[in-house]
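K.L.:
sequence-free structure coming up:
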């Protein structure tokens with residue numbers, strides 16, 4: 001009504017600032033919140049990354065987001081303490097006018113789940129990509145060489161190495177949980193992911209394909225990751241076939257039962273590389289189905305809040321890429337491993353079976369030959385939680401994640417897959433899951449409102465989480481080295 005005498009006072013929406021004698025069209029978002037477009041009164045939604053959304057002062061977020069330019073080094077501006085025009089924070093790399101201020105500027109790339117970071121110069125980016133490719137190929141060659149060298153041996157060093165990689169892969173997945181991790185912990189997760197799984201931790205093309213939408217880039221990655229396993233299998237087949245021809249070694253005929261043919265080595269290579277790619281394949285597969293409701297009805301892709309879900313090209317990718325990947329990789333690969341192991345469960349000591357598939361059963365008791373499939377389900381449950389969990393709300397997600405890790409600990413304790421004489425392996429494996437549980441538990445404290453004394457405690461908690469993870473990694477590496485030294489001494493005795 002245009003008659004002020006008929007006006008009434010109404011409750012200010014959560015996330016809005018209503019100070020002063022104002023009407024609805026003068027209400028603005030507080031810092032950390034975004035206005036959902038539509039008729040007045042608007043709804044205001046908490047931004048995935050608080051620092052992306054500018055607005056009225058927000059005391060709850062003060063002391064956390066600063067304008068830290070060189071010019072402002074001695075006089076940092078606390079964004080949450082200022083009354084700024086409602087919009088997106090371009091200083092942090094977010095595109096003005098984007099939904100939930102989530103899209104990065106063209107010269108920025110996605111950092112973690114919701115932040116943006118400045119891309120390097122084009123020359124530097126090319127060098128980084130070349131270095132990443134060399135590192136990826138070199139790392140793959142080393143891992144395959146070690147696997148072929150140790151294949152068929154149930155040495156403790158090999159099993160500890162596998163426990164270490166499983167721990168690093170699961171721990172790195174914690175970065176996918178929206179728990180407002182400090183930068184130090186995000187760096188830890190990136191490091192753990194880079195040395196345990198092949199994927200975007202090492203090789204990211206985001207800065208090389210600028211001026212396309214995040215959704216188009218995401219779909220391109222989906223196609224690329226979907227094609228990795230078949231292309232990898234064909235490439236590995238060609239390489240070992242050529243090696244067999246050049247060295248004049250028969251492809252499958254073996255002079256003795258213990259002879260390892262190029263075909264055997266091809267199988268080992270495929271198993272090892274897919275083992276390292278699998279967590280990344282899972283993450284990419286499920287992210288295609290990860291959507292968020294913004295406002296009252298529309299759902300948008302988590303990878304790009306400008307892309308509507310289950311309509312147009314997203315629907316096509318869901319049917320032709322997403323469902324296919326779930327059937328082939330999320331379900332198919334673990335099932336295929338189980339079928340192979342089950343079919344050979346009475347031949348696990350046969351040289352060819354040990355050489356080809358020991359990656360999946362070495363160290364386990366004969367009746368627990370399938371336990372690596374249980375470990376795969378452990379990783380899969382963590383990926384599913386990280387991708388779909390945010391839809392249930394972050395506090396609920398934190399509790400569910402703790403419950404899932406607790407169930408994983410109980411399954412490992414009850415299942416006890418290792419030989420009785422290898423209790424050390426069981427201790428290392430259970431400890432690894434407990435460290436992941438503790439890391440996830442600590443993440444709950446990085447949520448919500450922080451008082452000044454809380455922030456000091458959270459700095460201490462960050463240091464404790466870092467120390468525990470680093471110490472556990474050192475213990476795993478140290479245990480592996482000790483066992484390798486012991487195994488080298490045995491033939492000399």
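P.N.:
Received, thanks. Small disclaimer: the values here were computed from a predicted structure and weren't measured.
K.L.:
mind listing the strands for the stretch 51-200 of the chain?
P.N.:
Assigned by DSSP state E, counting those that start in this stretch, the strands in the stretch 51-200 of the chain fall at 53-54, 66-67, 77-78, 87-88, 108-111, 115-118.
K.L.:
got a list of contacts for the fourth one?
P.N.:
Under the contact criterion CB atoms under 8 Å, 6 or more residues apart in numbering, strand 87-88 has outside partners 52-54, 94-98, 101. (C-beta placed from N, C-alpha, C; glycine too.)
K.L.:
who's in contact with residue 328?
P.N.:
The contact partners of residue 328, by CB under 8 Å, 6+ apart, come to residue 229.
K.L.:
That one: what secondary structure?
P.N.:
Secondary structure, DSSP: H, G, I helix; E, B strand; the rest coil: residue 328 is helix.
K.L.:
Could you check how far it is from residue 335?
P.N.:
10 Å (CB to CB, to the nearest Å).
K.L.:
same question, residue 67
P.N.:
According to CB to CB, residue 67 and residue 335 sit 52 Å apart.
K.L.:
So which of the strands of the stretch 51-200 of the chain is the most surrounded?
P.N.:
Per residue and on average, the most neighbours among these fall to strand 53-54, with a mean of 30 (mean count of other CB atoms under 10 Å).
K.L.:
Neighbouring strands - and their directions - for that one?
P.N.:
Strand 53-54 has the following sheet partners, assigned by DSSP bridges: strand 87-88 (antiparallel).
K.L.:
The partner strand - what's its average pLDDT?
P.N.:
Per-residue pLDDT over strand 87-88 has a mean of 92.
K.L.:
who's residue 16 bridged to?
P.N.:
Assigned bridge partners for residue 16, using DSSP bridges, are residue 29.
K.L.:
doesn't residue 46 make contact with it?
P.N.:
No - using CB atoms under 8 Å, residue 16 is not in contact with residue 46; the gap is 11.8 Å.
K.L.:
Overlap in contacts, the two.
P.N.:
Residues touching both residue 16 and residue 46 (CB under 8 Å, 6+ apart) are residue 33.
K.L.:
if you count what's nearby, which of those two comes out ahead?
P.N.:
Shown here are residue 16 and residue 46; by other CB atoms under 10 Å, residue 16 has more neighbours (19 against 14).
K.L.:
so who does that one touch?
P.N.:
Contacts of residue 16 by CB under 8 Å, 6+ apart are 27-30, 33, 42, 44.
K.L.:
quick one: it and residue 84, what's the gap?
P.N.:
Separation of residue 16 from residue 84 (CB to CB): 15 Å.
K.L.:
again, but for residue 241
P.N.:
Distance from residue 241 to residue 84, by CB to CB: 63 Å.
K.L.:
next one: residue 381
P.N.:
In this view, residue 381 and residue 84 are 42 Å apart by CB to CB.
K.L.:
What of residue 411?
P.N.:
Counting by CB to CB, the gap from residue 411 to residue 84 is 50 Å.
K.L.:
so where is this protein shaky, pLDDT-wise?
P.N.:
Counting by pLDDT under 70, the chain has low-confidence residues at 1-3, 68-75, 125, 151-154, 198-204, 210, 297, 447-455, 490-493.
K.L.:
just checking, what packs against the longest helix anywhere in the chain?
P.N.:
Ranked by residue count and defined by DSSP state H, the top helix of the chain is helix 452-489. Applying 3 or more CB pairs under 8 Å, 6 or more residues apart in numbering; DSSP states H and E, one finds that helix 452-489 makes contact with helix 156-172, helix 183-194, helix 423-443.
K.L.:
roughly how far is the first one from the heart of the chain?
P.N.:
Between the mean C-alpha location of helix 156-172 and the chain-wide mean there is a distance of 16 Å, by CA atoms, centre = their mean, to the nearest Å.
K.L.:
Please work out which residues outside it touch it.
P.N.:
For helix 156-172, contacts defined as CB under 8 Å, 6+ apart pick out 146, 150, 189-190, 192-193, 195-197, 201, 276, 279, 359, 362-363, 375, 378-379, 382, 422, 424-425, 428-429, 432-433, 435-436, 439, 469, 472-473, 476-477, 479-481, 483-484, 487.
K.L.:
quick one, what contacts the residue lying closest to residue 397 once chain neighbours are set aside?
P.N.:
Nearest residue to residue 397, sequence neighbours excluded (CB to CB, 6 or more residues apart in numbering): residue 389, at 4.0 Å. Contact partners of residue 389, counting by CB under 8 Å, 6+ apart, are 177, 397, 400-401.
K.L.:
nearest spatial neighbour of the residue most central in space within the chain, skipping sequence neighbours?
P.N.:
Nearest to the geometric centre of the chain sits residue 173, at 3.7 Å (CA atoms, centre = their mean). Leaving aside its sequence neighbours, residue 173 sits nearest to residue 382 (CB to CB, 6+ apart; 4.8 Å).
K.L.:
Tell me the gap between the host helix or strand of that neighbour and the middle of its chain.
P.N.:
According to DSSP states H and E, residue 382 maps onto helix 371-388. For helix 371-388, the separation from the chain centroid amounts to 12 Å (computed by CA atoms, centre = their mean).
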